[in-house]
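Q: quick one, structure for this:
(chains A and B)
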Amino acid sequence: MPINPSLKGHPGLDEWLSVTSDGHIVITSGKVDIGQRISTSLAVIAAEELDVDLSRIDFIRTETGLSPDEGVTSGSNSMEQSGEAVRLATATARGRLLALAAEALEVDESTLEIDDGLIQSRETNRSMTYWDLQGDKPFDIDIDLNAKIKSPDTYRLVGKPVDARGIKDIVGGTMVYVHDMKMPGLLHARVVRPPHYKATLNSVDDGAMHRAVDAGTKVVRDGSFLAVAHADEYAALTAAKRLNVAADWHTGPGLDGRNIFDQLTSNKRLSMPLENGVPVETPVPDAPAIPGNAAVTLQARFERPYHMHGSIAPSAAMALFEDGALTVWTHSQGVYVLRASMAGALGMIEEKLTIKHMPGSGCYGHNGADDVALDAALVARALPGTPIMLKWTRDDEHAWEPYSSAMVMNVGGSLDADGNVIAWSHETYSDTHVMRPRPGAGDTGPSRLLASWFLEKPFPPMTPPPNMQAHGGVHRNLDPLYTFANKHLVKHLVRNLPLRTSAMRTLGGYANVFAIESFMDELAEAGGLDPLEFRLRNLDDERAKAVLVAMSKKLNATVLPGGRGRGIGFARYKNEKTYAAVGVELSVNDAAEIQLHRAVVAADAGQVVDPDGLAAQMEGGLIQAASWTLMEEVQFDPDGITSRDWDSYPILRFDNIPEVEVVLMDRPGDPYLGAGEAVSGPTAGAIANAIRSATGQRLRSLPFTPDAIRDAALKST
Amino acid sequence: MATFTLRVNGAAHQVKADPSTPLIFVLRNQLGLTGPKLGCGLEQCGACAVLVDGKPELSCVRAVSEFEDQDITTAEGLSESHADIQQAFIDAGAAQCGYCIPGIVTATAGLFNQTKTPTKAQITEALHGHLCRCGSHLRVLKAIDRLVQEGAADAN
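A: Now for the predicted structure:
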C-alpha cells in the first residue's frame, strides 16, 4: 500500500496533535470542514483511538505554516488521507502515553486501562492522566505507520451516530463564517466587474470617481481590476454599482456564443486513449468495427451543459497587509496552494503570506473562494494597515465562478445473441476540470486566480495541460467498473471553449456515469434484459454487486403506483472509492415537470465512522445531482453570462424533494473510502432511466426541463 | 444619515444609518448579529430572513426605515423563543454548511407562530423561498415533521 501522502511530508506526531494540560486533545489537520462533517469524523477517530470523551477533541484552524500541508480538501480524499493520518497519529500517541504511564507507575504496560484519558493499572490503585504525562509538552517522535490501532469490535464511538460539530451554533445563528468576521478599522470592499472575461477597462468617468472619493470611498485600480472600499458596507455596495455605470469597458467580440456542443466536438482538441483509467500518449486508434456476432448494436450521444457550484453565500475573504506581510482569512479548500498562486500574482515571496482557513458556505469544488482571496489582497495591499472584507455579490458568484465544463459523451456498444457485451466505446469531449490554484511560475500558478487576468501586468489565462492521473478530470469514471472486453475509451480535452471551468463535485464523473448508466439501460432494453441483472452479469466485484442488490431490494419493496417510473444507476467513484447504487421513483405531471417521489441509495464506503454524516452526504449529493439533472444550465451569449441570479439559474426547491432511504453497507476494519461525490453520476443515470420507465422517452441531453420533456414527446409522435 | 430605533431580540437599539440601507447591514454591522446571512441581496434565497412581529420577512432589500416600531427577531433571538425548533434541527442533523439554516429556522418559527400543525402544503409554501445547496432539505423536513407531531400531541 502506498504511503499516505498526508504523512509523507508530515511524519512528526507533533505536527498532527498535542495534549493540553487542561485536558484537551488538539488535532491539526490540513483538510477543512466545508459542511461535509470531516471534523466530526476526525474527532470521532481521535477520541476512539485515544479512549477519551468526544468533547475533549479540539481543532486548530487550518493555516499555512501551522497545519500539515494536505493539498486540497477535494476528490473525496479526506477520510482516506487525513482520517487515516489522524488514526495513526492518535494510535501512536496512545502507545506513547501508555509507555510513559507504565514507566511512571512502575507497572507492566499490559496491566493498564484507559478511561477518558485516565490511565490506571489493574494491579495498583495508582493512576495518571494524559494531561499529567504530556500536557503542553511535545512528543518529539514520529508517527508509527504500524501503530497498533483498535480492533473494530472494541469501538465505542466509530460507527455510532453523533451530532455534527458546530451544529448548535449553526442553527442558533452564532456560527462565525469568514463573512461574519470583524476587525477594528475594517473596510468593506466590492469589485467593479467587467461585462465578461475578455473586456478591458478604458476609463472611469472622472465626476463619478470624485463623488465616490468625496463620500469616503477608497477606489483601487490596477489595470482593469477595479474595486471600492468603505467603512459602511452598503456604501461600498452602492459605490461599486455607481462606478459600474461610470466605467467604460472595451468589450471586443465577446464570448463565442455558438452552440456549445458543436464547439465541443469541432474545436481543436488533445485526444488520448485510456488504459485502466489512465490517458496514454499514443494516437487514438480507430473505433473498432462492429463484431460479426453482434445481435444488437447501439450508438448514442449524451450532452451535459455548463453547471455552476451555486454556493448560497457569495465568496468572501478578509485581508490585512501590514509591514510588507499579508494575512488572508479564506474559505478556500487549499490554503497552501492558494498561497502559492497568490504569491505569484502579487509578486511576493510565500513566506510573507499567511493564509488562514475560516468556514464558508458549501463550495462543492473550486468556486469563487480562491479568487476573492486575491481580490481582497489587492485591495488590502493598496491600503496598508487596513483590514479589508471583500465580498462577492450574487452576480459576481453566478457570472464569474469557474463552472463545471459542458461535455459530450459518444457511447456505443454491441451485444451478442446471449446478451453479452462484446464491444463498448465511449469518447468524452470536455474542457478542463482542474484549474485550482497551485505553485508555478508565470501563467501556470497566478493565472488560476481570476483577478490576475485583469492586472496592469496581466497573467493571461493559461491553456491547461491534460490531467494524466487515473480517473482525472475529463476521464473520471470514463472507464467503467463493468467487465467489458474490447473497450474503446477516449478522452478529448477541448481547447478554446467560451467559459471558465474548473473542479466541481465529481468533475467529469457525473456526466460520464450519466452516459454509461443511461446506455446500460438502452442496451439492456434492446437485448430484452433486466437492467439490474444486466449490470450484475457485467460486474465481478462483489461489493459492487452487493450495493446494487441492496438498493434494488429496497426500491422494489413497494408496489409501483400507476403513472410512475423507476430507474437505477451505479458507479464506484473513480473505480476506487465509495460504491453507490441509486434508485429513483418519479412521475411527470401535466406541466411536464418531473416530480421526484422516492429515492434509495445503497453505499459501501468501507469502515463507517460517522454514519449520520455519511448518510447526509448521500442525501445531499443526490438532491444536488437531481437539481443539476432536472434544472440547471449556465446560459451565455457574446455579451457575457446571462445566468446571473437564482431566477435565471434556478435550482431544486423544497417542493420537489423525494423521500430518500439510505442503506450503508458497513465494512468494519476495512479502509475508509471517500464518499462525498459517490452518488452524483448514479443519480443522473437513475433519473434518466426512470423517465424512460415512466414516459417511454429516452432523454440524453441535460437538463431534463419541461421543455425537454415536451420536445421528446413531440418528436416521438 | 438618520437615527432609528430598532427593537431587536427584545432590546431597543438606537442606530444611525442612511435611511435606504437594507435592514440586514444594520443588524449585522451595527448590532453585531450573525443570524441574518447575506446570500443574494435580491430577496431570492431566504438566507437573510428575520421575524418581524412574528412573521418571516427578508432583510436584504427593504430599508431599515421601514422597520421602526416593529419587533425584529433574528436566529439568535429564536434561541429564547423557539428553542424547540432549534433542537429539532440539531436532532435531525438538519445542516451541512449551515449558511441557509438560520433563515430556514426563522421561516419555520414564523410558520409555527401561525399554526402548530401545519400541513405539508403549508410547510412547502413556507420554505419555498429558501434555497439550500448542500441538500439538507430532507433533514429540515424531518425536523419539522417532529415539531408537527409534537404540536399535534400538545393539542390533544
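
Q: how is chain A carved up into domains?
A: A:5-151, A:184-253+A:309-400, A:407-432+A:467-716 (automatic domain parsing).

Q: and if you look at chain B?
A: B:2-77, B:78-155.

Q: output those as JSON lines; include the columns mean neighbour count.
A: C-betas here are computed from N, CA, C, even on glycine. JSON lines is the format used below for the domains of chain B (neighbours: other C-beta atoms under 10 Å in any protein chain shown):
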{"stretch": "domain B:2-77", "mean neighbour count": "20"}
{"stretch": "domain B:78-155", "mean neighbour count": "21"}
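
Q: could you dump these to TSV with distance to chain A and mean pLDDT?
A: Formatted as TSV, the domains of chain B follow (distance: least, C-beta to the nearest C-beta, whole Å; pLDDT from 0 to 100):
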stretch	distance to chain A	mean pLDDT
domain B:2-77	3	97
domain B:78-155	3	97
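
Q: where does pLDDT dip in chain A?
A: A:1-2 (pLDDT under 70).

Q: looking at it, which residue reaches furthest from the middle?
A: residue A:124 (52.0 Å; C-alpha atoms, centre = their mean).

Q: how about the strands in the stretch 201-350 of chain A?
A: Under the criterion DSSP state E, counting those that start in this stretch, strands of the stretch 201-350 of chain A are mapped to A:218-222, A:225-230, A:247-250, A:269-275, A:278-279, A:296-304, A:316-322, A:325-330.

Q: residue A:118 is in contact with residue A:127, isn't it?
A: Yes. Contact criterion C-beta atoms under 8 Å: residue A:118 and residue A:127 qualify, at 5.6 Å.

Q: show me the residue at the heart of chain B, geometrically.
A: residue B:106 (2.4 Å).

Q: spit out the contact partners of it.
A: B:35, B:49-51, B:56, B:73-75, B:78 (C-beta atoms under 8 Å, 6 or more residues apart in numbering or on different chains).

Q: farthest pair in those residues?
A: B:35 and B:56 (12.7 Å; C-beta to C-beta).

Q: quick check: neighbours shared by those two?
A: In contact with both residue B:35 and residue B:56: B:50, B:106, using C-beta under 8 Å, 6+ apart.

Q: helices or strands up against the lengthiest helix in chain B?
A: The longest helix of chain B (DSSP state H) is helix B:137-155. Here helix B:137-155 touches helix A:611-631, helix B:83-92, helix B:101-114, helix B:120-127, going by 3 or more C-beta pairs under 8 Å, 6 or more residues apart in numbering or on different chains; DSSP states H and E.

Q: hmm, back to that, so what's the residue nearest to the centre of chain B closest to, chain neighbours aside?
A: Excluding the flanking residues, the one nearest residue B:106 by C-beta to C-beta, 6 or more residues apart in numbering or on different chains is residue B:49, at 4.3 Å.

Q: the one you found is in contact with residue B:103, isn't it?
A: Yes. When contacts are counted by C-beta under 8 Å, residue B:49 is listed as touching residue B:103 (4.1 Å).

Q: intersection of neighbour lists for those two?
A: The contact lists of residue B:49 and residue B:103 share B:36, B:130, where a contact means C-beta under 8 Å, 6+ apart.

Q: buried residues in the strand or helix carrying residue A:533?
A: Assessed by DSSP states H and E, residue A:533 sits inside helix A:531-537. Neighbour-count burial for helix A:531-537 flags A:531-532, A:534-535, A:537 (criterion: 16 or more other C-beta atoms under 10 Å in any protein chain shown).

Q: biggest separation within those residues, which pair?
A: A:531 and A:537 (11.3 Å).

Q: excluding chain neighbours, give the residue nearest to the residue in the stretch 401-550 of chain A positioned nearest to chain B in space.
A: Relative to chain B, the nearest point of the stretch 401-550 of chain A is residue A:505 (10.5 Å; C-beta to the nearest C-beta). Nearest residue to residue A:505, sequence neighbours excluded (C-beta to C-beta, 6+ apart): residue A:364, at 4.3 Å.

Q: tell me the secondary structure at residue A:376.
A: With DSSP: H, G, I helix; E, B strand; the rest coil as the basis, residue A:376 sits in helix.
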